[in-house]
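**Student:** Quick one, what's the 3D model for this:
(one chain, ligands or ions: 2)
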Amino acid sequence: MGPNKITELSLVVPMYNEEENVEPLLKEIDQALRSSFKNFEIIIIDDASTDQTVNKLLNLKKAIPELRVLRHEKNSGQSRAVITGIKQAQYAWVATLDGDGQNNPMDIPKLAQAVSDPRSNPSLSSWVLIAGHRAHRKDTRLKKISSKIANKIRGSLLKDQCPDTGCGLKLFPKALFMNLPQFKNMHRFLPALARREDALIINIKISHRERMRGVSKYGVMNRLFVGIVDLLGVMWLVRRPSRALCKELGKELGKELGKELDLENKN
Ligand SMILES: Nc1nc2c(ncn2[C@@H]2O[C@H](COP(=O)(O)OP(=O)(O)O)[C@@H](O)[C@H]2O)c(=O)[nH]1
Ligand SMILES: [Mg+2]
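**Tutor:** Ligands and ions are numbered 1, 2, ... in the order given. Alright, predicted model coming up:
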């Protein structure tokens, strides 16, 4: 284990009508995080579900004291849910995970372990984003094919160094996320937006499972085609980065060079 082993983590999970997944998934999350982190919290954002998602979550709060349940008054979309959750996160490192059980929570410690990679020392001036890569995706043929095409196009236009940006499992410093532009569907472009901040992207192969319960909220129409407008917007954004290394002159800023360099980027 390297010096950057993460000991505290805020996990953020968007949920919309996932009543059947709440109990099995929360049980798995609890086990995975309890065995791997000294302190953790599980922030679930219910996006105005119309089923029993919220009641089931509230029932679990006694058994899992680290569980926090946030609820949007109106359905506001998956990215907004992720933004809401991360804003509330109390720890410096945040992970995200889909709320449908398709990601395995045991992969979260695996992602956290990758932060120990010496190339990704977060105390240096560059940021890091650890991205899950669903090497063996368990989805319908149509979804797999459309995603493959979308990833190819996206990868070549954005050069985001990520083979699977749609994977819901990711880990990054909260402060990095707070530096990113926020907009609808931004959760599909996190590696490109992180690259815009000069972050290092580390892709880690993770497991993927079939959706056993509940229904998918996305089809080809509301992802691939809507995504073209988003892609154009992000293409523009990544071509207009705004960053600078800066230090305040005439002032003792502390001994570590890294801290000086980070003045602009991390505060
Ligand atoms: N907050 C919020 N979460 C959503 C919304 N739509 C989907 N999700 C969540 O996003 C995750 C991925 O959605 P899912 O339907 O499984 O997409 P798929 O795996 O690509 O078919 C799941 O946790 C969903 O509950 C939404 O409108 N709002
Ligand atoms: Mg899913």
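**Student:** Would you map the helices across this protein?
**Tutor:** Under the criterion DSSP state H, the chain contains helices at 19-34, 53-60, 78-88, 107-114, 141-158, 174-178, 190-196, 226-238, 257-261, 263-266.
**Student:** Tell me which of those helices sits most buried.
**Tutor:** Of all those, helix 190-196 carries the top mean neighbour count, a mean of 24, counting by mean count of other C-beta atoms under 10 Å. (Each C-beta comes from the backbone N, C-alpha and C, glycine too.)
**Student:** burial of whichever residue of the stretch 151-267 of the chain sits closest to ligand 2, as a residue count?
**Tutor:** Here the residue of the stretch 151-267 of the chain nearest ligand 2 is Arg211; by C-beta to the ion that distance is 5.3 Å. For Arg211, the count of nearby residues is 15 (other C-beta atoms under 10 Å).
**Student:** That one is in contact with Gln102, isn't it?
**Tutor:** Yes - at 5.5 Å, Arg211 counts as touching Gln102 under the criterion of C-beta atoms under 8 Å.
**Student:** Quick one: residues contacting the residue of the stretch 151-267 of the chain closest to ligand 2.
**Tutor:** 100-102, 139 (C-beta atoms under 8 Å, 6 or more residues apart in numbering).
**Student:** Now stretch 40-57 - C-alpha only, PDB.
**Tutor:** Extracted as PDB, the C-alpha positions of stretch 40-57 are listed here (Å, rounded to 0.1, in the frame of the first residue of the first chain):
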ATOM      1  CA  PHE A  40     -17.200   6.500   5.100                       C
ATOM      2  CA  GLU A  41     -20.700   7.700   4.200                       C
ATOM      3  CA  ILE A  42     -23.200   6.500   1.700                       C
ATOM      4  CA  ILE A  43     -25.100   9.300   0.100                       C
ATOM      5  CA  ILE A  44     -28.200   8.200  -1.900                       C
ATOM      6  CA  ILE A  45     -30.000  10.800  -4.000                       C
ATOM      7  CA  ASP A  46     -33.500   9.800  -4.700                       C
ATOM      8  CA  ASP A  47     -34.600  11.700  -7.700                       C
ATOM      9  CA  ALA A  48     -38.300  12.000  -6.800                       C
ATOM     10  CA  SER A  49     -38.900   8.300  -7.300                       C
ATOM     11  CA  THR A  50     -42.600   7.300  -7.600                       C
ATOM     12  CA  ASP A  51     -42.100   3.900  -6.000                       C
ATOM     13  CA  GLN A  52     -41.000   2.800  -2.600                       C
ATOM     14  CA  THR A  53     -37.300   3.600  -3.000                       C
ATOM     15  CA  VAL A  54     -37.300   6.300  -0.300                       C
ATOM     16  CA  ASN A  55     -39.200   4.300   2.300                       C
ATOM     17  CA  LYS A  56     -36.900   1.400   1.800                       C
ATOM     18  CA  LEU A  57     -33.900   3.600   2.200                       C
END
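**Student:** which parts of that stretch are buried?
**Tutor:** Within stretch 40-57, the residues that count as buried by 16 or more other C-beta atoms under 10 Å are 40-47, 49, 53-54, 56-57.
**Student:** Identify, from those residues, the entry nearest to Glu19.
**Tutor:** Thr53 (4.9 Å; C-beta to C-beta).
**Student:** For the closest one, which non-adjacent residue is closest in space?
**Tutor:** Glu19 (4.9 Å; C-beta to C-beta, 6 or more residues apart in numbering).
**Student:** burial of Pro241, as a residue count?
**Tutor:** 10.
**Student:** what's the closest non-adjacent residue to it?
**Tutor:** Arg196 (4.9 Å).
**Student:** residue contacts, Asn21?
**Tutor:** Contacts for Asn21 (C-beta under 8 Å, 6+ apart) come out as 15, 99-101, 213-214.
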